[in-house]
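Asker: Please find the sequence and the predicted model below.
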Amino acid sequence: KGTGLGLSMVHGFAAQSGGRFALESQPGAGTTAEIWLPVAAAARELRAPQTPAPRQPVSSPALTILAVDDDALVLMGTTAILEDLGHRVLEASSGTKALEILEDERVDVVVTDQAMPNMTGLQLIARIRERHPAMPVILASGYADLPASAERDVQRLSKPFSERQLAEAIAASLATAKASNVTFLSKERMRRDTV
């Protein structure tokens, strides 16, 4: 039994490369999958490969992170990566379950899938914002395009992701939340000072 994640990853790869992915299936005739990619421009000169500078490890303090995904295997993988990074992980298999956990537990960051039944990741984020407006959220998706109405202050993470990419997304989401809180506090202080 497949999870369908592979198809969304292929679709995302094709779209991000400026191409497209077409899938056609007919009972009794089979399935045809086509990936159309643009022709690459020829390199004018070959250069010797350069050794990239070693990247510094991304670290953040141990956090309590809520991981949300309806696919048990993907959720298990995300949890394992987060635990390897030193975080405490709470798991939810749906948006509804995630909201229940947020009522009972102190959570530092939410990492949610986008494509889930009954409540998408963006719908979950909208519900989280109603009660926890400053909550750092990471939206993980295997799809290249998300609706234009997507929250601007939500950190995006393309599936599949590495441990380093997830660590960078967590650090970025915390920095965004901190910046938003500083702005909010300064506006409140301005209101108090003018009253």
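Answerer: Arrived safely, thanks for sending. The shown structure was predicted, so the numbers you read here are calculated from the model rather than taken from an experiment.

Asker: Tell me which stretches of the chain form helices.
Answerer: For the chain, the helices defined by DSSP state H occupy 5-16, 72-84, 95-104, 121-131, 163-194.

Asker: Among those helices, which comes closest to G28?
Answerer: Among these, helix 5-16 comes nearest to G28, with 21.3 Å by C-beta to C-beta. From N, CA and C alone the C-beta is placed, and that goes for glycine too.

Asker: where are the low-confidence patches of this structure?
Answerer: Scanning the chain for pLDDT under 70 picks out the ranges 1-9, 11-12, 42-60, 143-153, 179-195.

Asker: quick revisit: could you dump the helices of the chain to TSV with mean neighbour count and distance to A40?
Answerer: Formatted as TSV, the helices of the chain follow (neighbours: other C-beta atoms under 10 Å; distance: least, C-beta to C-beta, whole Å):
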stretch	mean neighbour count	distance to A40
helix 5-16	16	14
helix 72-84	16	32
helix 95-104	16	41
helix 121-131	17	33
helix 163-194	14	25
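
Asker: Distance to A140 for those - can I get that in TSV?
Answerer: Shown next, in TSV, are the helices of the chain (distance: least, C-beta to C-beta, whole Å):
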stretch	distance to A140
helix 5-16	11
helix 72-84	8
helix 95-104	13
helix 121-131	8
helix 163-194	8
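
Asker: For S25, which of the ones you listed is the nearest?
Answerer: Among these, the nearest to S25 by C-beta to C-beta is helix 5-16 (11.5 Å).

Asker: list the contacts for L166?
Answerer: Going by C-beta atoms under 8 Å, 6 or more residues apart in numbering, L166 touches T78, I81, L82, L85, V111, I138, L157.

Asker: The second one is in contact with E163, isn't it?
Answerer: Yes. Under the criterion of C-beta atoms under 8 Å, I81 makes contact with E163 at 5.1 Å.

Asker: And the residue nearest the centre of the chain, how far from Q165?
Answerer: By C-alpha atoms, centre = their mean, the mean C-alpha position of the chain lies nearest to A140, the distance being 2.2 Å. The gap separating A140 from Q165 is 10 Å, by C-beta to C-beta, to the nearest Å.

Asker: before we move on, what about P133?
Answerer: Taken as C-beta to C-beta, the span from P133 to Q165 is 26 Å.

Asker: Next: E130.
Answerer: 29 Å.

Asker: Kindly report the same for L23.
Answerer: Taking C-beta to C-beta, one finds L23 at 27 Å from Q165.

Asker: and Q26, what are its bridge partners?
Answerer: Counting by DSSP bridges, Q26 is bridged to G30.

Asker: So that it lines up with my notes, have the first residue be 736 from now on.
Answerer: Done: numbering now begins at 736, and the last item shifts to Q761.

Asker: and it, how many neighbours does it have?
Answerer: 8 (other C-beta atoms under 10 Å).
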